[in-house]
Structure formats: C-alpha cells, structure tokens
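Participant: Build me a structure from this.
(2 chains)
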Protein chains: 2
Amino acid sequence: MANVIEGNAVVGQSGGPTVVINQSLVGVIEEAKKAGAIQKILGARHGVTGMRKSDFVDLRSIADDELEKIANTPAAALGSTRDKPDEAYCQEVFKVFAANNVRYFFYIGGNDSADTARIIYEIANKQGHDLRVFHIPKTIDNDLRTTDHCPGYGSAARFVASAIMGDDRDNASLPGVKIDIIMGRNAGWLTAASALARQDSEDGPHLIYMPERPVSQDQFCADVKAVYDRLGRCVVAASEGIMDVDGKLWAEKVMTGGEVDAHGNKQLSGSGALGDALAQIVKTRVGVKRVRSDTFGYLQRSFAGYASPVDAKEARTAGRKAVQYAMAGQVSGSPCMRRRTGGKYGVSFFRAKLTDVARLTKNVPDEFIADNGHDVTPAFLEYLRPLVGKLPVLGKIR
Amino acid sequence: MANVIEGNAVVGQSGGPTVVINQSLVGVIEEAKKAGAIQKILGARHGVTGMRKSDFVDLRSIADDELEKIANTPAAALGSTRDKPDEAYCQEVFKVFAANNVRYFFYIGGNDSADTARIIYEIANKQGHDLRVFHIPKTIDNDLRTTDHCPGYGSAARFVASAIMGDDRDNASLPGVKIDIIMGRNAGWLTAASALARQDSEDGPHLIYMPERPVSQDQFCADVKAVYDRLGRCVVAASEGIMDVDGKLWAEKVMTGGEVDAHGNKQLSGSGALGDALAQIVKTRVGVKRVRSDTFGYLQRSFAGYASPVDAKEARTAGRKAVQYAMAGQVSGSPCMRRRTGGKYGVSFFRAKLTDVARLTKNVPDEFIADNGHDVTPAFLEYLRPLVGKLPVLGKIR
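Facilitator: Below is the predicted model of the structure:
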C-alpha cells in the first residue's frame, strides 16, 4: 500500500444517462467506504459543472438501504452534464481538486468523459499533484473501444427488444408498415438489438438500418416494398443515425431546423420528426396506407423497473473495480470487460488505459452485419443474448 | 342447462390491442373447452373482417402450453380490425354465423365492439336464430362505462408510470422541459396514470393535461413557466387528446395533414408531431433552451414482459366469465367488474347489458381531477394503485 495516498475522492456522472449508471456510482461509494486511504467521498453535482463550482455532496453519509434504492434508479442520481470541457475548463476543475485535497477522481461516462478524465489527469501530473483518475464506462450506445460491451447497453437493448417484440405483434394485429426510431447516432448497436425480438422467421423487425450501412431512399423504399409484398406488413428498426449513401444523415436531410449540442452534434432524440418523415416517404413512395412511426426516445435509456440483471451487476462491479485499481496503487485507467471464451457467459475485468477508451467510437463490426446491409448475423445475436437477461417468450395462433 | 343450446362458438378481437387482450381470449378458450354445449371454437381472423369472410381458425386444437404463451403475448393473437360495421355489414356476419351453426359469439373489444355485438345480437333475434352474444371489455383507455375499470388499462398505466418515473429522473439529470404525449383521445385515464410515477413532492410529472380539462396555449405556457421557475425543470404528461378552451383538439390546431380513420377520428398515434409542436411552443414562448418531447406511442399498449399481474388475471377472468354466463343460460352481456368496498383490493364480476357498455365514453370524473385542472386527486391514486402491480421504488441523493 506504499503507493496509496490519503485524501479525498470525487465521483461524477456525465453524458446521456442509463438505467444502470447509478449501479456504478453505488459500486464506487461502497468500495470507497471500505478504502482506508479515502477520506471524504464527494459527489459532484452534474459532472464537471459541479466540480468547477465546488458543488459537492457528501456520499459517505447515505444509508445503505437508500444506496440500494439509488442503485436501482434510472439516470444520474448526481446529475449529469453535456459540458465538454476544454483545457482551460479542466484547469479550473483541477484547481478545485487541489484546493480540496482530492487524490481520487472517478468519472462515470462515455468516451468524451474518458477524454475529460485524461486531460485532468495530465494537468495534475504536470503540476506534480498526485491524482489517481479512473473512468468508468457507461453508454447505451455500446460504442466504447477496448471493452467487450458497455454497462448500460444490455438494459437499453433489453428495452428495445421487448418493445419491438410487442410492437411486432401489434403490427400483426393491425397490419401496415411500422417504423421505429432507435437511439445511437454513430453506431448501430442498439438498433441491432431489435433483432432479439424475433422468435420465428416471419417476426419483425424485418429491416434493420444501422449507421454502419448507408442506404438510399430508393433502396429503403424497395426493401420495405419487398417485405410488405411478401408478408402484408413490415416492421422497420432504424437508427436515429441512419445515413444516406452520400454520407449525410437522413435526419439532416428530412428534418428542418433543430438544435446542435455543445459537441457540434445535431439533436436527434427528443423529437419525432425523423420517424414521421420516414413514414411519409413510405406512404407516398411505396403507397402503403397504414404507416406509423414511433421514436423510442428517452425511454430506451431511462425506463424504470426493466433493467437487465446482468447489466446491473456488471455496472456495479465496474464501479467497484475502479476503486480497487486505485487502492492497488494504479494511477489511472478504465475498468473494461473481457468475455470468457467458451462455455457459460461470464466476464473478467481488466484495467484499460484512458487513452484506449477516450474519444474514438467503436462501430458494429462487419461480422455482426448481414450481407444485405439491413440485418444482423447469428454471431451478433450470440454476442448480445447474454447481456439482456431473460426475454418474454411469446405465443402465436398459426 | 335447459336454456343452453348446442352449437359452435366464434371469438374475435377488435380495436386497438392491449398487452392482456390475449388473456381474455385464452380465458374464453379454456372455459369453452369445458362447456359441453360448445362444439367448434372458431377464432375469427381480424374480428368482424374475418367473420364476414368465414376466415376462422380452430382454437380447440391449440396445445395448453402454447395457450399459456399466447395469453402472455401482447396484441391480438387473432388479429384485430378497425372496421366499424354498419347494419348491412352485420347482416353479412350474421349470415356466416347462421350458415356455420354459430350459437355463441364472444367479442373482445372496446365500446365500438360492444355496439357491433349488440347489432349482431338484434339481427339474430329478429331472424329467430338463437345466438348468445357476449362482449368482453378491453381498452387501455379505461373509458368503458359500467365497469370499475377495463382489462388492459392497468398494464398500460403500469407502463406509463414506469416510463415517467425514469424519464423524470432523466430530466433531473439533464434539466429542461420534457413533454410526454400519452394515448387516450377522449379520456384522460392513461395520462392521469402518470401521477403514480411520483414518490415525493418535487417528482414529475409536474403537469398533467387530460382532455377533460381544456387548456389554452397561454395557460399551458404559464403553467410550464411556473414549474420551471420553481424547480429549474418540468416534466409534462399530456394526453394526445389535449383540448383547447374553444373545444378544439390541440392536435388539430398544431398538426398539419394527417389521417382520419373509419370512425372519423383524426389519427393521433403513430406520429410525433403533437409532442414536437408542444416542445416548439415551450421553446419559443417560455424561452427554455432544452425542451424535449417523447410520444409514448404503441409501446403503451404493446410492450412485452411488463404487464400488470392483476390486470392479466382480471382479463383472463373476464374471458372465462363471458362463457360462464352463456353456459348459465344468459343470452347476452358483458362481464364487468365491481370493486370490493373497504379492506384489501378485490373485484367481483357481474353481467352488464350490452347497451350499458356500448358506444358512450366514460371520462375521468371530477372527483379524480385536481381543482387546478392539471393534476389528479389522492382519490384517483387510491383508485389506480391496486391496478398496476408493484412499481419500482427509486432512491435519490439529496
């Protein structure tokens, strides 16, 4: 323990929440309470925003039964932020850390948050302030590199699969074309998860459009028509980041106005405009009368009471691991998962470098995308199935 | 059993599906299999559409374990229909019934379906064909008269409450105004159910707009502003049937184009346009920067794996009761629920007249709506709570 210094810890949450992000938070708190070297456990309100303003809450004083409730609560219990701090912003955060004898920093977030953690770590290093910095992966998008999958993804995938499962039966009851817009601007992981809804070859989703496989409006309409002609109905799972063959987002082309966030990204969620536009295209160009769209929106990342049990457990463990790494004398990193090969599903955690997680996006790889460009492969289903927990088993009148 | 005649039975499903409508179907099948007087148990594909075309499936041959899976499957396993048959259409259905020695007719649906059942019953009567006709209530809208509540409502209410519960935490993480559009064109029952999401006085939904209480755009904006000024955020639960003070639907005013169904109703679901319009109004008139909307859409009536256990059980019983009434020699009716007064929640079933269920809508009564017009009363929460099953218990960092 020679390399473990005494001081205070800060933990924060950042980016779009998940239903298990508080499992990681509680994992950090539990483990930090056991660590003799950690004095105060400070929760930063709204991520870096609270760190810069010294807006901290004492997490050590929360009772165990309340902690357990918090762990099972969707979204960031500490509050989240969309701030993407630059060097100057990080300097301000560091000043607050130095003034508060902060020696441990745990940041739960996506790849932008890993990058923020990296910058703050480097500033501390330059200033000769011994600060241990750990990022804890979380994203429903599953687009972080290095880790087999991300905490948060399994639960969102579970929601999407169950939603499409029911929606497909609804569409069979009152046949038509149904278009469901699924989160994931840059990567199709969550949209791909819709495939788990299928129990037989005629079940939807019949078409799955991921950003990894651009599609023209002509092709899209032809695909929908082919399914509709064959089955008399069609359920489409389309990523909010669905791309045209010219490399432009469909959303940019068919939506007017809209917001741009601090990262320069156009706001896709929180609006039904893309789904409505796709429905209109099918109505007018394919000539189907009953066309509906739903945009699953924030429910995918926040629906209460339906988390994947394995995802919840892994998210908790990820939080604990980060503290364990710190207590083992490590100075930075991100707890990532490696999947056991062969036999029953299981993972082991390892410490990845911050730079290996930061910034870059992991897309759905080619071996998980069907050759036709609008479906997934059996290998993907095998990858995904253990992450979502037990799904409903539906019946059918033939 | 003198009054019980031998012959075939037809069962059908109609209108917007629910996640427990197949529980009622399986209840009918189970009980009909036990009834000596019932020979064939014919399932009509897509309600009256299949009846008119003699498109029937043999339901007696389905294995018990498959029946149990079907019971747990969202949406109409037989297919549903939006056809609203007139007298001539019903005459055609009756001809098919007469030709197939149909003596028992069970129709699972809402108030329009009850009316269809009534018309077919009257035609049979006039023609001297002994036909026993039973309607089995189902609707997520909870707007049927006579019954304490409708099978299908509890599960949809459970979905809405859990969705708003998580969404409210999401909105607390990244504060702004969030507008959620909830199904229920004519009655605010399902929108009102969002109130169950609250666990303390600052939790959302902060504003609940039901069709029963028209609201002007000015008042709506003032309400949102007041909440936003107080809490720095606001979650709004608005019915798709939200009305302006001039008696016009907001949807009619702010949405352009759109479909009209066979009942002359403008299509409200399957589009995010109303939510987007409300968000735009808040952005421009209240001046809040982060405004998002979600339209819960078809997930409310079809999400797999999250039914209310009590709702599932009651829906099953409703199907059984209809057959039991028929076997007891009754000639028509609809199994409705009466709530036990005092003590633990429970219901008893009674046979209502078709005419008491048909056509008219039951709105949320005054005693369930708060005086401010945008909330529910404690009496409503007491009415609703037993219907949805156990909800998640969330934690909070104070």
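
Participant: Now do residue A:360 against residue A:187, distance only.
Facilitator: Using Cβ to Cβ, to the nearest Å, residue A:360 is found at 11 Å from residue A:187. Quick note: C-beta positions are derived from backbone N, CA and C, even for glycine.

Participant: neighbour count winner among the two?
Facilitator: residue A:187 (22 against 15; other Cβ atoms under 10 Å in any protein chain shown).

Participant: Quick check: the closest residue to chain B within the stretch 51-200 of chain A vs residue A:226, distance?
Facilitator: As assessed by Cβ to the nearest Cβ, chain B sits closest to residue A:69 within the stretch 51-200 of chain A, at 2.9 Å. Taking Cβ to Cβ as the measure, residue A:69 falls 49 Å from residue A:226.

Participant: Neighbour count for these two, which is higher?
Facilitator: Shown here are residue A:69 and residue A:226; by other Cβ under 10 Å, residue A:69 has more neighbours (19 against 14).

Participant: residue contacts, that one?
Facilitator: B:393, B:394, B:395 (Cβ atoms under 8 Å, 6 or more residues apart in numbering or on different chains).

Participant: Turn these into JSON lines, columns for pLDDT and distance to chain A.
Facilitator: Listed next are the contacts of residue A:69 as JSON lines, based on pLDDT from 0 to 100; distance: Cβ to the nearest Cβ, whole Å:
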{"residue": "B:393", "pLDDT": "97", "distance to chain A": "6"}
{"residue": "B:394", "pLDDT": "97", "distance to chain A": "4"}
{"residue": "B:395", "pLDDT": "97", "distance to chain A": "3"}
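
Participant: Buried ones among those residues?
Facilitator: When the contacts of residue A:69 are checked for burial by 16 or more other Cβ atoms under 10 Å in any protein chain shown, the buried set is B:394, B:395.

Participant: Could you tell me which of the contacts of residue A:69 are located in strands?
Facilitator: The members of the contacts of residue A:69 all map outside strands under DSSP state E.

Participant: hang on, the earlier thing: just the element for the residue of the stretch 51-200 of chain A closest to chain B, please.
Facilitator: Residue A:69 is part of helix A:64-71 when elements are defined by DSSP states H and E.

Participant: Pull out the buried residues from that helix.
Facilitator: A:67, A:69, A:70, A:71.

Participant: Same check on stretch A:23-40?
Facilitator: In stretch A:23-40, counting by 16+ other Cβ under 10 Å, buried: A:23-32, A:35, A:37-40.

Participant: Please flag which of those residues sit within helices.
Facilitator: Taking DSSP state H as the definition of helices, the buried residues of stretch A:23-40 contribute A:23, A:24, A:25, A:26, A:27, A:28, A:29, A:30, A:31, A:32.

Participant: For the first one, give me its contacts.
Facilitator: For residue A:23, the set of contacting residues under the criterion of Cβ under 8 Å, 6+ apart consists of A:71, A:72, A:151, A:312, A:313, A:315, A:316, A:319.

Participant: okay, it: pLDDT?
Facilitator: In the prediction, the pLDDT value recorded for residue A:23 is 98.

Participant: Also the fifth one?
Facilitator: pLDDT for residue A:27: 98.

Participant: residues contacting it?
Facilitator: With the criterion set at Cβ under 8 Å, 6+ apart, residue A:27 makes contact with A:315, A:316, A:317, A:318, A:319, A:320, A:321, A:322, A:323.

Participant: Mind doing that once more with 6 Å?
Facilitator: Shown in contact with residue A:27 (Cβ atoms under 6 Å, 6 or more residues apart in numbering or on different chains): A:316, A:319, A:320.

Participant: tell me the contacts of residue A:85?
Facilitator: A:48, A:116.

Participant: Many thanks, have a good one.
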